[in-house]
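[1] A structural model of the following input is requested.
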Amino acid sequence: MTFSLDMDFPSTDTIPPPPPNLPDSLSGPSEGCLGDTAIYTTDIPLGCSAEWYINNTIQGSDSGSMQVIWTDDGFYTISLYFNCNSGVSFVDSLETTVYDTPLNPGNIDGDNAVCEFTTHTYTTSVGLNESCEWYVAGELQSSADTFMVYSFGDAGDYLIEVWAVSNCGISNQSSFLMVHTAGLAPDPPAPIEGPDESCVGFTETYTTVVGPDEDCQWKVDNVIQATSEPFLELNWSSNGEYEIEVRAVTDCGSSNPTSMQVVVYETPLVDLGNDTTIYQGQSLILDAGNTGSQYFWSTGETTQTILVTVSDIYSVEVTNFCGDDTDSILVDVITAIHQLKEKNELIAFTRENLLFVETPNQIIEEMQISKLSGKVIYKGSGMRQTRLPGNGIYILKISTNKTTFTRKLLVLNN
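    Below you'll find the predicted structure:
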């Protein structure tokens, strides 16, 4: 583009205000293409002349119109000033964008090997303010977007082409992709064979059956596995629920999936915590952990957690596919305020297999000794010396005329 004069843009700090009642606008196109002729016009007041500028460069015209032939693309600012008796005044400006002929579109992305009668999406890239013109096998498609969805028919070769299009024309060349369609997609594989329960650290094998000349695509929780064989070997490294999926794959595509769910457990490890004390009116939640297992509490409950409010030895057995584990805890409930002072007024100790019990200033009303399994080996009143069967853990329950004690005793003799 040639500008007729090369003068500096007027300095705004010396420009007087425009005379009263002057028009304050210009008109003309805000967009154009390379090679276009653009005409900008205004109404000039009596006694004034126009000064036209393009990107701060003064043009040759001093009339009410200016003609421009665009020779370069880009952004342009058209500015108008009036030169009157009072001086030069700014009137208006207009932004114009000039576009080049579209460049060739980007490569076409999408499947180049598909099955008969399947639908696929193809994408490309074009410049700003450009659209697309798609053709498949020479037939114009309806999409003007940068993506095109196409449903293939019979087996054969399909040429996909796309041109970039704008108000300034069409690209010189198209991008193209040759797509080959083969036979129908294979049938889904046979049901997956293999354990639907396993343990952390176990290695399991899962198998299926596909047709002749078909490969397998295995996924575990949507992650593609390395093998294409009709069997998959998995080493389970963490517990949880998993989905195994397999598809039959041929040159024309893949089948619908066959899947199965697998639950992976950890070998139970139960820890109810240390023996503890709570006050009357309080409660304690015991949690056996190992979610998804089976639970057998000494209270008869079968849930993962139980709520306790009374003194007792609570035990639980946890069982799942990988094994079982047990644990117990002594929960001592202080049943009265005076027990805060008298709580330690039980003296119980063993010497060899003899149990000695002292309750200063209290009368023993009932004493019970049982094994950790719950089997009672002594129940009576008033005894302060009792012989135990041998080494092990025992539960001692004593009711006096003032309070109740529950203790866990460990007997260990050489």
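[2] Ala248 bridge partners, please.
    Counting by DSSP bridges, Ala248 is bridged to Cys216.
[3] again but with Tyr122, I slipped
    Met148.
[4] again with Gly240
    In this entry, Gly240 is beta-bridged to Val264, by DSSP bridges.
[5] buried ones in stretch 106-125?
    Ile108, Gly110, Asp111, Val114, Cys115, Glu116, His120, Tyr122, Thr124 (16 or more other Cβ atoms under 10 Å). From N, CA and C alone the C-beta is placed, and that goes for glycine too.
[6] Please identify the helix or strand for His134.
    One thing to correct before we go on: residue 134 is Trp, not His. strand 131-136 (DSSP states H and E).
[7] Note down every partner strand of the helix or strand following that strand and its orientation.
    Toward the C-terminus, strand 131-136 is succeeded by strand 139-140 as the next helix or strand (DSSP H and E). Note on strand 139-140: by DSSP bridges, its sheet partners are strand 131-136 (antiparallel).
[8] Quick one: mean pLDDT over the strand it pairs with.
    For strand 131-136, the mean per-residue pLDDT is 96.
[9] can you list the domains in the chain?
    Domain assignment of the chain by automatic domain parsing yields the ranges 12-99, 113-182, 197-265, 276-333, 337-411.
[10] Output those as TSV; include the columns distance to Pro189.
    Putting the domains of the chain into TSV (distance: least, Cβ to Cβ, whole Å) gives the following:
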stretch	distance to Pro189
domain 12-99	54
domain 113-182	16
domain 197-265	4
domain 276-333	26
domain 337-411	51
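[11] Quick check: which of these is nearest to Pro191?
    Among those, domain 197-265 comes nearest to Pro191, with 6.1 Å by Cβ to Cβ.
[12] just the strands in the stretch 301-414 of the chain please.
    305-308, 312-320, 323-334, 347-351, 354-358, 364-371, 376-380, 385-387, 392-400, 404-411 (DSSP state E, counting those that start in this stretch).
[13] now do the stretch 101-250 of the chain
    In the stretch 101-250 of the chain, strands defined by DSSP E, counting those that start in this stretch lie at 113-115, 119-123, 131-136, 139-140, 147-151, 156-166, 169-170, 175-182, 197-199, 203-207, 215-220, 223-224, 231-235, 240-250, listed in chain order.
[14] Mind telling me which of the ones you listed the model trusts least?
    Note on the strands of the stretch 101-250 of the chain: strand 113-115 shows the lowest mean pLDDT, a mean of 80.
[15] Arg387 against Phe356, yeah?
    No: assessed by Cβ atoms under 8 Å, Arg387 is found out of contact with Phe356, at 10.9 Å.
[16] just for the chain, where's the confidence low?
    Within the chain, the stretches with pLDDT under 70 are 1-24, 335-344, 373, 382-383, 414.
[17] hang on, isn't Leu409 packed against Phe356?
    No: using Cβ under 8 Å, Leu409 is not in contact with Phe356; the gap is 11.0 Å.
[18] joint contacts of those two?
    Listed as contacting both Leu409 and Phe356 by Cβ atoms under 8 Å, 6 or more residues apart in numbering are Ala348, Thr350.
[19] With neighbour numbers in mind, choose between these two.
    The neighbour comparison of Leu409 against Phe356 (other Cβ atoms under 10 Å) goes to Leu409, with 15 against 12.
[20] For the more buried one, list the residues it contacts.
    For Leu409, the contact set (Cβ under 8 Å, 6+ apart) comprises Ala348, Thr350, Leu355, Ile393, Tyr394, Ile395, Leu396.
[21] Just the CA atoms of stretch 75-87, as PDB, please.
    Below are the C-alpha coordinates for stretch 75-87, written out as PDB (Å, rounded to 0.1, in the frame of the first residue of the first chain):
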ATOM      1  CA  PHE A  75      -4.500  -3.700  11.600                       C
ATOM      2  CA  TYR A  76      -5.000  -0.100  10.500                       C
ATOM      3  CA  THR A  77      -6.300   3.100  12.200                       C
ATOM      4  CA  ILE A  78      -8.000   5.600   9.900                       C
ATOM      5  CA  SER A  79      -8.000   9.100  11.500                       C
ATOM      6  CA  LEU A  80      -9.700  12.200  10.200                       C
ATOM      7  CA  TYR A  81      -8.800  15.900  11.100                       C
ATOM      8  CA  PHE A  82     -10.400  19.100   9.800                       C
ATOM      9  CA  ASN A  83      -8.200  22.100   8.900                       C
ATOM     10  CA  CYS A  84     -10.300  25.200   9.400                       C
ATOM     11  CA  ASN A  85      -9.700  28.900  10.100                       C
ATOM     12  CA  SER A  86      -9.300  28.100  13.800                       C
ATOM     13  CA  GLY A  87      -6.700  25.500  13.200                       C
END
